[in-house]
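Peer 1: Pasted the sequence and its predicted model underneath.
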Amino acid sequence: MTNLETRPVERVCEAGPAAAGVELIEPRDVPLGGPRAMTVRRTLPSKQRTLVGPFCFLDHYGPDDVAVSGGMDVPPHPHIGLQTVTWLFEGQVLHQDAVGSVQTIHPGQLNLMTAGDGICHSEEGTVARFPGQRRLHGVQLWTALPDGDRSGAPAFEHVDEVPAVLLDGARVQVFMGSLAGVTSPARAYSPLVAAQLDVPTGAVVRVPVEATFEHAVLVDAGDLRVAGHPVEPGWLAYLAPGAGELVLEAGDAPVRAVLVGGEPFGEQVLMWWNFVGRTHEEIVEARAQWQDAIAGGEVGRRRFGAVSGYDGAPLPAPELPHLRLKPRAR
């Protein structure tokens with residue numbers, strides 16, 4: 001998924017100071033474009049926190065009536081320096097990219113694209129693409145690649161069935177990293193975890209977690225308390241490193257939640273639009289080369305490639321601000 005904001009704010013992202021207890025992050029609504037746009041709820045990056053482990057982006061969308069909104073229709077757009085992690089609760093999305101991947105994803109499956117030095121891709125979850133589709137619902141995450149891996153070749157992988165385990169009555173699907181004794185086969189470049197947790201009404205679930213990780217829990221639906229704190233659907237609950245166990249308590253309604261975490265990312269990263277870099281110059285160069293690619297230029301095409309199966313034009317980059325991209329206050 002792309003960041004379609006026309007005036008994206010640059011962010012220098014780094015692990016924040018340890019917080020006491022649970023820090024609650026309110027989502028903000030971001031339309032994906034057009035008058036009938038599908039709206040996503042974004043909790044990362046936020047004014048409060050820009051990273052949880054290597055996770056630097058979290059969009060939560062649906063349940064969305066695609067007949068009303070038009071669904072997800074994201075033209076070819078570029079990425080550098082990150083992985084896109086696509087996870088669905090309902091519906092299906094077609095991913096196509098510049099390394100030749102053409103992959104439909106369904107709930108319980110994982111699409112993972114590693115941008116490396118540069119790639120472009122498209123995503124479609126519309127009635128036109130899937131005539132029987134009625135609802136679309138899921139999350140998209142980005143992870144920042146460490147400096148030693150962010151200039152590598154782009155790649156894509158699809159996991160048809162992620163490992164799952166029962167924990168205190170809750171079903172846990174681990175789509176990145178390791179949790180509760182199971183490990184996802186998806187490639188990760190930093191110590192991290194991502195999992196869906198389905199918690200029955202009234203259940204208390206004690207999730208064994210890595211104490212050196214920071215974690216965050218996104219509540220999709222239901223009545224949940226995280227470490228004793230109530231968390232509303234759509235909100236993100238952040239927990240600093242230190243605890244070896246995460247206690248989740250469901251109330252009068254069953255809960256669906258997504259847990260993400262990882263070692264605090266030791267590198268400062270600069271995010272602007274769909275690019276995760278380190279310096280102003282990198283971002284400026286990536287934007288210029290993407291504009292060159294969509295104009296048919298050889299230099300840009302060598303870096304980002306092209307998506308051949310999408311029926312429409314690529315997405316132009318927004319204008320850069322008339323100031324040097326630099327850190328903003330947290």
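Peer 2: Right, received. Where do you want to start?
Peer 1: Every contact and neighbour count from this point should use C-alpha atoms.
Peer 2: OK.
Peer 1: I'd like the mean pLDDT over stretch 150-169, please.
Peer 2: Per-residue pLDDT values across stretch 150-169 average out to 98.
Peer 1: After the longest helix anywhere in the chain, which helix or strand is next? Please name it.
Peer 2: When every helix of the chain is counted residue by residue (DSSP state H), the longest turns out to be helix 280-294. Once the chain leaves helix 280-294, the next helix or strand it forms, by DSSP states H and E, is helix 298-304.
Peer 1: elements contacting the longest helix of the chain?
Peer 2: strand 275-277, helix 298-304 (3 or more CA pairs under 8 Å, 6 or more residues apart in numbering; DSSP states H and E).
Peer 1: Turn those into TSV, including distance to G70 and mean pLDDT.
Peer 2: Output for the helices and strands packed on helix 280-294, formatted as TSV (distance: least, CA to CA, whole Å; pLDDT from 0 to 100):
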stretch	distance to G70	mean pLDDT
strand 275-277	26	96
helix 298-304	28	98
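Peer 1: These into a markdown table, with extra columns for distance to L248?
Peer 2: What follows is those, written out as a markdown table (distance: least, CA to CA, whole Å):
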| stretch | distance to L248 |
| --- | --- |
| strand 275-277 | 33 |
| helix 298-304 | 42 |
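Peer 1: closest to C120 out of these?
Peer 2: C120 lies closest to helix 298-304 among these, at 5.7 Å (CA to CA).
Peer 1: what helices or strands is the closest one leaning on?
Peer 2: In terms of contacts (3+ CA pairs under 8 Å, 6+ apart), helix 298-304 is packed against strand 119-125, helix 280-294.
Peer 1: In CSV: the helices and strands packed on helix 280-294, plus mean neighbour count and distance to I25.
Peer 2: Formatted as CSV, the entries for these read as follows, by neighbours: other CA atoms under 10 Å; distance: least, CA to CA, whole Å:
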stretch, mean neighbour count, distance to I25
strand 275-277, 26, 22
helix 298-304, 19, 34
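Peer 1: The ones you listed: which one's closest to A170?
Peer 2: Set against A170 and scored by CA to CA, the helices and strands packed on helix 280-294 come closest in strand 275-277, at 34.9 Å.
Peer 1: Can you name the residues that contact the most centrally placed residue in the chain?
Peer 2: By CA atoms, centre = their mean, the mean C-alpha position of the chain lies nearest to L141, the distance being 0.9 Å. Contacts for L141 (CA atoms under 8 Å, 6 or more residues apart in numbering) come out as 55-59, 84-86.
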